[in-house]
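Asker: Predicted model follows, preceded by the sequence.
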Number of protein chains: 2
Amino acid sequence: MNLFNFFTRSRSTAPVARERLQLLLAHERALSGQSDLAVVLQEEILAVIAKHVSIDREKVNVKLGRDGTVSTLEIDIEMPEAALVKN
Amino acid sequence: MNLFNFFTRSRSTAPVARERLQLLLAHERALSGQSDLAVVLQEEILAVIAKHVSIDREKVNVKLGRDGTVSTLEIDIEMPEAALVKN
């Protein structure tokens, strides 16, 4: 995963009336044997987002990565306009 | 905020036995008048993380940003080793 491109790669597409939510989480563990917070948090963070946005799970792209003691979680959600859930 | 540096700026520090959790969220709204999901999500995402990690609120750095129709949320948490809450 190229972190440098993460938040810029969508900008080259033509503008459309869509919402987009991107989230990148990086967990640097002190020791390589520790539990992987990125794995643990992915479903809970998605649940928090889904409380506010009507999510089509086919439009959700989740990627987990691991490089030594750093684990990463990428969440990329495309949603049609007006997908915000009114509270 | 320079997104390109977000996940690399901590790497230049000397390695210490600390955990670090960094999260970057970007919300591209279709219309500029819509509600700001980054603001709404910040406390809920912190609460989800706090379920798994013992967080010292003084070590939590939260930044909200806005640039046109893109709002951003940065969360940076430093924690001592073994801060993971056992479930």
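Answerer: Thanks, I have the structure now.
Asker: and A:A47, backbone torsions?
Answerer: phi -70, psi -40 (degrees, to the nearest 10).
Asker: Could you do the one 5 residues further on as well?
Answerer: Phi and psi for A:H52, reported as degrees, to the nearest 10, are phi -110, psi -20.
Asker: just A:L37 next, same as before
Answerer: Residue torsions, per degrees, to the nearest 10, at A:L37 are phi -60, psi -30.
Asker: How many residues are close by it?
Answerer: For A:L37, the tally of surrounding residues (other Cβ atoms under 10 Å in any protein chain shown) stands at 21. (Each C-beta comes from the backbone N, C-alpha and C, glycine too.)
Asker: who are the neighbours in contact with it?
Answerer: A:H27, A:R29, A:S71, B:L21, B:H52, B:V53, B:L84 (Cβ atoms under 8 Å, 6 or more residues apart in numbering or on different chains).
Asker: isn't the fourth one right up against B:I77?
Answerer: Put plainly, it is B:L21. Yes. With contact defined as Cβ atoms under 8 Å, B:L21 reaches B:I77; the gap is 4.4 Å.
Asker: got any residues that touch both of these two?
Answerer: Common neighbours of B:L21 and B:I77 (Cβ under 8 Å, 6+ apart) are B:I49, B:V53.
Asker: now what about stretch A:65-81, what contacts it?
Answerer: A:1, A:3, A:6, A:17-32, A:36-39, A:41-42, A:45-46, A:49, A:53-56, A:59-64, B:30-31.
Asker: Could you confirm A:A38 falls within a helix?
Answerer: Yes. Assessed with DSSP: H, G, I helix; E, B strand; the rest coil, A:A38 lies in a helix.
Asker: I'd say it and A:R29 touch.
Answerer: No. The criterion here is Cβ under 8 Å, and A:A38 misses it with A:R29 at 9.9 Å.
Asker: Which of the contacts of A:L37 fall within helices?
Answerer: Among the contacts of A:L37, none falls in helices (DSSP state H).
Asker: mind putting the residues you listed in CSV, neighbour count and pLDDT included?
Answerer: Below are the contacts of A:L37 laid out as CSV (neighbours: other Cβ atoms under 10 Å in any protein chain shown; pLDDT from 0 to 100):
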residue, neighbour count, pLDDT
A:H27, 26, 92
A:R29, 22, 83
A:S71, 22, 91
B:L21, 23, 93
B:H52, 18, 88
B:V53, 19, 84
B:L84, 16, 56
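Asker: ok, now how distant is A:N61 from chain B?
Answerer: 14 Å (Cβ to the nearest Cβ, to the nearest Å).
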